[in-house]
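Q: Got a predicted model here, sequence first, then my questions.
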Amino acid sequence: MNDFKGKKIAVLGLGVEGISSALYLKEKGASVTVLDEKEKKEFSQETMEQLNNEAIDIVVGKDYLSNLNNFDMVVRSPGIRLDLPEIIKASEKGIEITSQTKLFFDLCPCPIIGVTGTKGKGTTSSLIYEMLKKQGIDVYLGGNICKPPFEFLDKLTPQSKVVLELSSFQLQDITKSPHIGVVLMITSEHLQGFGSQNYHKDVYEYVDSKRKIIRFQQSEDTAIINQDYIVSRESDIETSGKIFNISREDSLAQGAYVKDKAVYLRFENKDQKIIDAKDILLPGQHNLENVCAAVMAAALSGVLVSNMISVLKTFKGLEHRLQLVSEINGVKYYDDSFSTTPETAIAAIQAFTQPEILILGGSSKGSDFSELGKVISEAHNIKAIIGVGVEWERIKETFTIYDLRFTIYEGLKNMQEIVRKAQEIAEDGDVVLLSPACASFGMFKNYKDRGEQFKKEVGTPL
């Protein structure tokens, strides 16, 4: 499996992981061709030059899959379906169809902690990584977050540990499972419209992919499963490993859970209080599930409780995902620009009890805002809403029929005006929350640009 020298390999997809696969395999002596449906003009000149400098061939355009039979191996990037006719035909002819994730599981010389779920996998993976790092473990973070794992594969030793955030696309073709597999909440709320997005054909395929994270475990492996969600809870039949549960609703015989507004660990027949919820820097009840999963994985990896606590008191969250940006004059500013759906905005709104100034709205994803409107109408701590973008009018329609207890501000043209208005009305103890519930196009390039502009403007107090 280590010997790629002289093999003709096609890498499907010219994204971050595809480029990583191409460069790694070329370095190992393979003859590599990158194939992508997009046209060359859609890629940066830097990307094209990088591949050309490494003598990696590039095939683009709508017929990019027409010559798969000319290769010994096809390495698929996430999101490229396994059931494309060209891929099926190549497989029937004996050509190996694989992916960077699948190859990494074969080549990795050390234990892997894998994390998946509909939400929270990035935060949980990062918490586990920081806890292991605090313990002094030689640990690496990758997968759907940070770096593609090929970028650090050659640095690994048997004493290292790897934490991988794994999407359903990355799990779809694996035949090995992580030594510690974490199954967070699995729901189908964001799967509407899959048929038009050319991803999973239905919810059953989606769930089946997620469950592969523990399906191939052996008796010496461990599954950490969120028991608060039925689809996650019923995944336990998939594993042959030892099972630990997590919950923010119930005490457990074995696992990590929330009780009396604190996180507890029941491990090796001992109950131990880890930390009070109020001392965790990450806000929100939903993040307590992620904390429980991280604590459980860290305990199984030999991390001292003191190191877990240190991380939980200082970890601000992932960039643009309910991330504490700054505290100015007693006002806390949170960047949740990654929130492009009503569901994520609801979680963000419910994360705080302090008076909130919300920044809502953006471009359309065809979302149903009725539940968001209900949550806004029933919340007692919303002080003001700054409405922006084309979707703001649709959002506003969901709660204008109620007796509102907050002020609405509209017509602001850019992020500078938005933040200035928030700073003008915010008082000591308030929270200013950018959680738009919408896509960002129009006023901003993308959600990252929206979040970066927010952080830039917040950094300049009145």
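A: Sure, I can see it. None of these values were measured; they are calculated from a predicted model.
Q: For residue 162, see how far away the residue positioned nearest the centre of the chain is.
A: A centroid search over the chain (Cα atoms, centre = their mean) returns residue 122, at 3.8 Å, as the residue closest to the centre. Going from residue 122 to residue 162 by Cβ to Cβ, to the nearest Å gives 16 Å. Any C-beta I mention is one placed from the backbone N, CA and C, and that applies to glycine too.
Q: same question, residue 323
A: Note on residue 323: its distance to residue 162, by Cβ to Cβ, is 24 Å.
Q: Which residue of these two possesses the greater neighbour count?
A: With neighbours defined as other Cβ atoms under 10 Å, residue 323 and residue 162 compare such that residue 162 has more, 26 against 19.
Q: Run through the residues that contact that one.
A: Shown in contact with residue 162 (Cβ atoms under 8 Å, 6 or more residues apart in numbering): 108, 110, 111, 112, 113, 139, 140, 141, 142, 149, 152, 156.
Q: now, among these, which is nearest to residue 30?
A: Closest approach between the contacts of residue 162 and residue 30, by Cβ to Cβ: residue 149, at 17.4 Å.
Q: Counting neighbours, what do you get for the closest one?
A: Neighbour tally, residue 149, other Cβ under 10 Å: 26.
Q: Need the contacts of residue 162 in TSV (columns: distance to residue 55 and pLDDT).
A: Listed next are the contacts of residue 162 as TSV, based on distance: Cβ to Cβ, whole Å; pLDDT from 0 to 100:
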residue	distance to residue 55	pLDDT
108	27	97
110	32	98
111	36	98
112	32	98
113	36	98
139	34	98
140	28	98
141	31	98
142	26	97
149	24	97
152	24	97
156	27	98
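Q: so of those residues, which ones are in strands?
A: 112, 113, 139, 140, 141, 142 (DSSP state E).
Q: Could you report the distance from the fifth one to residue 208?
A: Computed with Cβ to Cβ, the distance linking residue 141 and residue 208 is 26 Å.
Q: Could you check which of those two has the larger neighbour count?
A: The neighbour comparison of residue 141 against residue 208 (other Cβ under 10 Å) goes to residue 141, with 21 against 16.
Q: What residues does that one make contact with?
A: 125, 126, 129, 147, 162, 163, 164, 165.
Q: Please apply the same query to residue 109.
A: By Cβ under 8 Å, 6+ apart, the neighbours of residue 109 are 156, 157, 158, 160.
Q: Can you list the low-confidence ranges for the stretch 151-300 of the chain?
A: Where the stretch 151-300 of the chain drops to pLDDT under 70, the residues are 188-199.
Q: Go through the contacts of residue 141 and flag which are in helices.
A: 125, 126, 129 (DSSP state H).
Q: Please identify the nearest residue in space to the second one, excluding sequence neighbours.
A: Right, the one you point to is residue 126. residue 318 (6.0 Å; Cβ to Cβ, 6 or more residues apart in numbering).
Q: what about the one you found, neighbour count?
A: Neighbours of residue 318 (other Cβ under 10 Å): 17.
Q: Flag every buried residue along stretch 31-49.
A: Across stretch 31-49, burial judged by 16 or more other Cβ atoms under 10 Å covers 31, 32, 33, 34, 35, 36, 43.
Q: Which of the contacts of residue 162 lies at the shortest distance from residue 10?
A: Looking across the contacts of residue 162 and measuring by Cβ to Cβ, the closest to residue 10 is residue 149, at 19.8 Å.
Q: Contacts for the helix or strand the residue nearest to the centre of the chain falls within, please.
A: Using DSSP states H and E, residue 122 maps to helix 121-134. The contact list for helix 121-134 (Cβ under 8 Å, 6+ apart) reads 113, 115, 117, 139-141, 143-145, 161, 163-167, 182, 184, 282, 287, 290-291, 293-295, 297-298, 301, 303, 307-308, 310-312, 315, 317-318, 321.
Q: export it as PDB, just CAs?
A: In PDB, the C-alpha atoms belonging to helix 121-134 read as follows (Å, rounded to 0.1, in the frame of the first residue of the first chain):
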ATOM      1  CA  LYS A 121     -17.900  17.800  14.800                       C
ATOM      2  CA  GLY A 122     -15.500  20.600  14.200                       C
ATOM      3  CA  THR A 123     -15.800  22.000  17.700                       C
ATOM      4  CA  THR A 124     -15.600  18.600  19.300                       C
ATOM      5  CA  SER A 125     -12.500  17.600  17.200                       C
ATOM      6  CA  SER A 126     -10.800  20.800  18.100                       C
ATOM      7  CA  LEU A 127     -11.500  20.400  21.800                       C
ATOM      8  CA  ILE A 128     -10.100  16.900  21.800                       C
ATOM      9  CA  TYR A 129      -7.000  18.000  19.900                       C
ATOM     10  CA  GLU A 130      -6.400  20.900  22.300                       C
ATOM     11  CA  MET A 131      -6.800  18.600  25.300                       C
ATOM     12  CA  LEU A 132      -4.400  16.000  24.000                       C
ATOM     13  CA  LYS A 133      -2.000  18.800  23.000                       C
ATOM     14  CA  LYS A 134      -2.200  20.200  26.600                       C
END
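Q: Measure how far it is from the centre of its chain, please.
A: Its chain's C-alpha centre and that of helix 121-134 lie 12 Å apart, by Cα atoms, centre = their mean, to the nearest Å.
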